[in-house]
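Engineer: below is the sequence, then the predicted model.
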Amino acid sequence: MAIGLWHVLGIGITLALIIGIGIYSGSKVKNAADFATGGGKAGMWLVGGAIMGSLVSGQATVGTAQLAFTYGLSAWWFTLGSGIGCLLLAIAYVIPLRHSGNMTLLQIIGAEYGPKAEYLGSVLCSIGIFISVTAQILAASALLTTIFAIPVWMAAGISVMLMACYVMFGGAWGAGLGGVAKLVLLYLSCIFGCILVLVATGGWSSFMDFLQQTLIGTSLGNSLGIATVSDFHGRYFHLLARGASKDIGSGLSLILGILATQTYAQAIWSGKSDSAARKGSLLSAFLIPPIGIACIFIGLFMRGHYITSAEIAMLNQAGQMVPAGMMEIASTAQVFPMFIVQYMPKLLGGMVLGTLLITIVGGGAGLSLGVATILVNDILQKVFVQFQEAKANLHATRMAILWVLAAGALLASFVPGAIINDFGFLSMGLRAAVVFIPLNCALFLSDKIDSKWILLAILSGPIAVLCGELLKLPFDSLFLGMLAALLCALCGYFSLREGQKGVDKG
């Protein structure tokens, strides 16, 4: 796929806009508190921008279009789960988080259950968020290799440099202001993309007829198990196309993962008031799901026009012909960028590519800020006293961002063909298994659970998730992880209760 001068100009315009925002946001940073939480001065739009700047990322755009290419409507779970998670964050968690007097979720847990719980949770939670950072680098690499035909390792390196520039100088201010700007650009891009799809196919009815003619009873459709209209609807227009446990588990991973992720809690702490924080979270809940629908439309449109190299090889091996008129695409990760280049006006397409790149970059940047904040405030600051000083803390956080991004680039270079949203769902599931139960116990059941059992819950939850993934269980491994953590918390509750009864009797 080749891009022209107008594409490059459009990309340049978008990048210049975001760089300008980054420079402006850098002028707002005076100390570590400004960098981590914006100094608690953000209004509704900046809070929402910080949340959506990380959530509406490569997984919500490139990843959703990629999954929709294969499974249609069930790709909505990432953005649908994100919206529900933001809604619950606004309703139940804004006030307890802001009134906790802490800067990280693990500090809340540590204040209730001791430093061991905080240290262990910090390490495990950082691993979970790091996996999501890697997913953003994979998405950015897919975009860059599609546009410029460069090696994966080079694309990964460019991706992390952009992510570092995005957040290194502005921190929470850069994530918030950049999030607002890219959200506006992304909404305009997705709306225009949907219009193009409907115009190109002649409306919804013609769009459906076109897809059915392409897939039902054709060599490609037969290879995908689509022989009837019922098969077609079951695969592409069913919210549970991958199976109820798989898709519902994916949605639950997003919901619980948002409530257990440092990045989104930082956005809540950045609000200038409880009302601004709540409204920012509600704004995110309302605006995120429609973006997923737009990306699904694009993924389905591309399914009707493109066939992957792997599918061509499969048909050739079976002695079957590739459907007439279908064009080849190297991998499903290239669905969204290929649509932009092939079907959008060149200057606008370039601006959309720039928006998409910044969307992915902003997501990775915001998540890397969350990991760095946890590592510095929950681990380094407790071990080395010098990091409690403001300037040292700020410097350490920025350096931690660089190390996190560099490690993510290395991992992304070794797994270039991975399904982006699979990384996203695993990341959210691990975070939820580590933090969700202990955090809720600390916020809503203070002094009611034995800390030893919470320590076990923090450890057993993610281990159960990983075991479930390795064993390829018929249900989402998050259920196993949450069950393990919940059982530990219940044991801790009854253990402490029995101990108190014994003291009372004595």
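Structural biologist: Arrived safely.

Engineer: and Thr64, what element?
Structural biologist: Per DSSP states H and E: Thr64 is located in helix 64-71.

Engineer: put the alpha carbons of the following helix or strand past that helix into PDB.
Structural biologist: Next along the chain after helix 64-71, taking DSSP H and E as the criterion, comes helix 77-88. What follows is helix 77-88, C-alpha atoms only, in PDB (Å, rounded to 0.1, in the frame of the first residue of the first chain):
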ATOM      1  CA  TRP A  77     -17.200  -5.700  23.700                       C
ATOM      2  CA  PHE A  78     -14.000  -3.700  24.100                       C
ATOM      3  CA  THR A  79     -15.700  -0.300  23.700                       C
ATOM      4  CA  LEU A  80     -19.000  -1.500  25.200                       C
ATOM      5  CA  GLY A  81     -17.300  -2.800  28.300                       C
ATOM      6  CA  SER A  82     -15.200   0.400  28.500                       C
ATOM      7  CA  GLY A  83     -18.400   2.500  28.600                       C
ATOM      8  CA  ILE A  84     -20.000   0.400  31.300                       C
ATOM      9  CA  GLY A  85     -16.800   0.500  33.300                       C
ATOM     10  CA  CYS A  86     -16.700   4.300  33.100                       C
ATOM     11  CA  LEU A  87     -20.300   4.500  34.200                       C
ATOM     12  CA  LEU A  88     -19.700   2.400  37.300                       C
END
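
Engineer: measure stretch 52-71 end to end?
Structural biologist: 25 Å (C-alpha to C-alpha, to the nearest Å).

Engineer: give the other helices and strands that the helix or strand Leu353 falls within contacts.
Structural biologist: Element membership for Leu353 (DSSP H and E) is helix 346-374. Judged by 3 or more C-beta pairs under 8 Å, 6 or more residues apart in numbering; DSSP states H and E, the packing partners of helix 346-374 are helix 5-26, helix 44-55, helix 115-148, helix 152-168, helix 171-201, helix 262-270, helix 335-343, helix 390-414. For every residue, glycine as well, the C-beta is placed using N, CA and C.

Engineer: in JSON lines, list those helices along with mean neighbour count and mean pLDDT.
Structural biologist: Shown next, in JSON lines, are the helices and strands packed on helix 346-374 (neighbours: other C-beta atoms under 10 Å; pLDDT from 0 to 100):
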{"stretch": "helix 5-26", "mean neighbour count": "17", "mean pLDDT": "75"}
{"stretch": "helix 44-55", "mean neighbour count": "29", "mean pLDDT": "82"}
{"stretch": "helix 115-148", "mean neighbour count": "25", "mean pLDDT": "83"}
{"stretch": "helix 152-168", "mean neighbour count": "22", "mean pLDDT": "78"}
{"stretch": "helix 171-201", "mean neighbour count": "22", "mean pLDDT": "73"}
{"stretch": "helix 262-270", "mean neighbour count": "28", "mean pLDDT": "85"}
{"stretch": "helix 335-343", "mean neighbour count": "23", "mean pLDDT": "88"}
{"stretch": "helix 390-414", "mean neighbour count": "19", "mean pLDDT": "81"}
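
Engineer: turn those into TSV, columns for distance to Ala241.
Structural biologist: Formatted as TSV, the helices and strands packed on helix 346-374 follow (distance: least, C-beta to C-beta, whole Å):
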stretch	distance to Ala241
helix 5-26	34
helix 44-55	23
helix 115-148	21
helix 152-168	29
helix 171-201	20
helix 262-270	28
helix 335-343	17
helix 390-414	27
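
Engineer: among those, which is nearest Ile216?
Structural biologist: Nearest to Ile216, of all the helices and strands packed on helix 346-374, is helix 171-201, at 16.2 Å by C-beta to C-beta.

Engineer: avg pLDDT for the very next helix or strand once past that closest one?
Structural biologist: As assigned by DSSP H and E, the chain's next helix or strand after helix 171-201 is helix 204-215. For helix 204-215, mean pLDDT is 89.

Engineer: and helix 204-215, what does it pack onto?
Structural biologist: helix 171-201, helix 219-223, helix 229-236, helix 274-303.

Engineer: check this structure and tell me which residue is nearest its centre.
Structural biologist: Centroid check for the chain by C-alpha atoms, centre = their mean gives Leu55 as the closest residue, at 4.8 Å.

Engineer: for stretch 209-225, buried residues please.
Structural biologist: 210-212, 214-216, 218-222, 224 (16 or more other C-beta atoms under 10 Å).

Engineer: stretch 452-463 too?
Structural biologist: Using 16+ other C-beta under 10 Å as the test for burial, stretch 452-463 gives 452-462.

Engineer: and for stretch 240-252?
Structural biologist: Quick answer for stretch 240-252 (16+ other C-beta under 10 Å): 241-242, 246-252.

Engineer: inside strands: which ones of these?
Structural biologist: Residues of the buried residues of stretch 240-252 located in strands (DSSP state E): none.

Engineer: any chance of these in JSON lines with distance to Leu124 as columns?
Structural biologist: JSON lines is the format used below for the buried residues of stretch 240-252 (distance: C-beta to C-beta, whole Å):
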{"residue": "Ala241", "distance to Leu124": "32"}
{"residue": "Arg242", "distance to Leu124": "27"}
{"residue": "Lys246", "distance to Leu124": "24"}
{"residue": "Asp247", "distance to Leu124": "26"}
{"residue": "Ile248", "distance to Leu124": "24"}
{"residue": "Gly249", "distance to Leu124": "20"}
{"residue": "Ser250", "distance to Leu124": "21"}
{"residue": "Gly251", "distance to Leu124": "22"}
{"residue": "Leu252", "distance to Leu124": "19"}
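
Engineer: farthest pair within those residues?
Structural biologist: Among the buried residues of stretch 240-252, the pair separated by the greatest distance (C-beta to C-beta) is Ala241 and Leu252, at 16.8 Å.

Engineer: thinking again about what came up before, can you check what angle separates the helix holding Thr64 from helix 229-236?
Structural biologist: In terms of direction (axes from the mean of the first three to the mean of the last three C-alpha atoms, to 10 degrees), helix 64-71 departs from helix 229-236 by 150 degrees.

Engineer: picking up where we left off before, and the nearest residue to the residue nearest to the centre of the chain once chain neighbours are set aside, what does it touch?
Structural biologist: Nearest non-adjacent residue to Leu55, counting by C-beta to C-beta, 6 or more residues apart in numbering: Ser82, 4.9 Å away. Under the criterion of C-beta atoms under 8 Å, 6 or more residues apart in numbering, the neighbours of Ser82 are 55-56, 60, 254, 258, 284, 288-289.

Engineer: for Ser368, state which of those is nearest.
Structural biologist: For these, the nearest to Ser368 is Leu55 (14.5 Å; C-beta to C-beta).
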